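Colleague: quick one, structure for this:
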Amino acid sequence: MSEKTLSEISSQMKKIDITMMSTHTSGKEIAARPMSNNRDVDYEGQSFYFTLDDTRTVSDIAKNSNVGLSFQGDKAFFIHVEGDADLVRDKAAFKEHWTPDLDEWFENGVDTEGLVMIKVDATRIHYWDGMDEGEVKL
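Modeller: Next up, the predicted model:
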């Protein structure tokens with residue numbers, strides 16, 4: 001087992017835009033969908049994603065805040081983050097994490113009706129780097 005630091009993991013995460021976010025459904029299944037971190041990953045255990053209030057993602061998190069985030073980087077580098085998700089509806093918080101790329105998905109920017117930011121606080125990070133693997137608990 002290797003021992004990467006959170007800082008080393010963060011530098012590799014900056015190169016990965018898309019994660020698969022997994023949530024628990026009301027029927028006890030696991031649902032996953034691609035989400036962009038918009039490269040907002042000065043990663044100290046928190047990550048931020050935007051969606052709309054009427055999505056399954058939001059309803060799943062409202063019922064069970066435990067989520068999984070799966071990232072795939074270069075050359076067989078993988079990260080899986082377990083964390084607790086919060087649904088944020090504060091425009092000031094939106095502005096702190098907004099990037100111009102989001103305008104493609106949300107025409108009215110932070111004023112988009114029904115906009116929700118999902119903040120995920122990591123509790124455990126497992127990573128694989130080729131044949132090497134390790135875990136960081138937060």
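
Colleague: can you spell out which helices and strands pack onto the longest strand along the chain?
Modeller: Ranked by residue count, the top strand of the chain under DSSP state E comes out as strand 115-129. Packing partners of strand 115-129 (3 or more Cβ pairs under 8 Å, 6 or more residues apart in numbering; DSSP states H and E): helix 6-13, strand 46-52, helix 56-63, strand 77-88, helix 91-97, strand 132-137. For glycine as for every other residue, the C-beta is placed from the backbone atoms N, C-alpha and C.

Colleague: which residues touch the last one?
Modeller: The one in question is strand 132-137. Applying Cβ atoms under 8 Å, 6 or more residues apart in numbering, the contact partners of strand 132-137 are 1-6, 9, 123-127.

Colleague: restricted to buried residues, select these in PyMOL.
Modeller: Filtering the contacts of strand 132-137 down to the buried ones (16 or more other Cβ atoms under 10 Å) takes a single PyMOL command:
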select buried, resi 4+9+125+127
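
Colleague: okay if I get the contacts of strand 132-137 as a markdown table plus distance to residue 20 and pLDDT?
Modeller: Shown next, in a markdown table, are the contacts of strand 132-137 (distance: Cβ to Cβ, whole Å; pLDDT from 0 to 100):
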| residue | distance to residue 20 | pLDDT |
| --- | --- | --- |
| 1 | 24 | 54 |
| 2 | 23 | 61 |
| 3 | 25 | 82 |
| 4 | 21 | 82 |
| 5 | 24 | 83 |
| 6 | 21 | 83 |
| 9 | 17 | 83 |
| 123 | 18 | 93 |
| 124 | 17 | 93 |
| 125 | 15 | 92 |
| 126 | 14 | 94 |
| 127 | 15 | 92 |
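
Colleague: quick check: bridge partners of the residue nearest the centre of the chain?
Modeller: By Cα atoms, centre = their mean, the mean C-alpha position of the chain lies nearest to residue 47, the distance being 5.0 Å. On the basis of DSSP bridges, residue 47 is bridged to residue 120.
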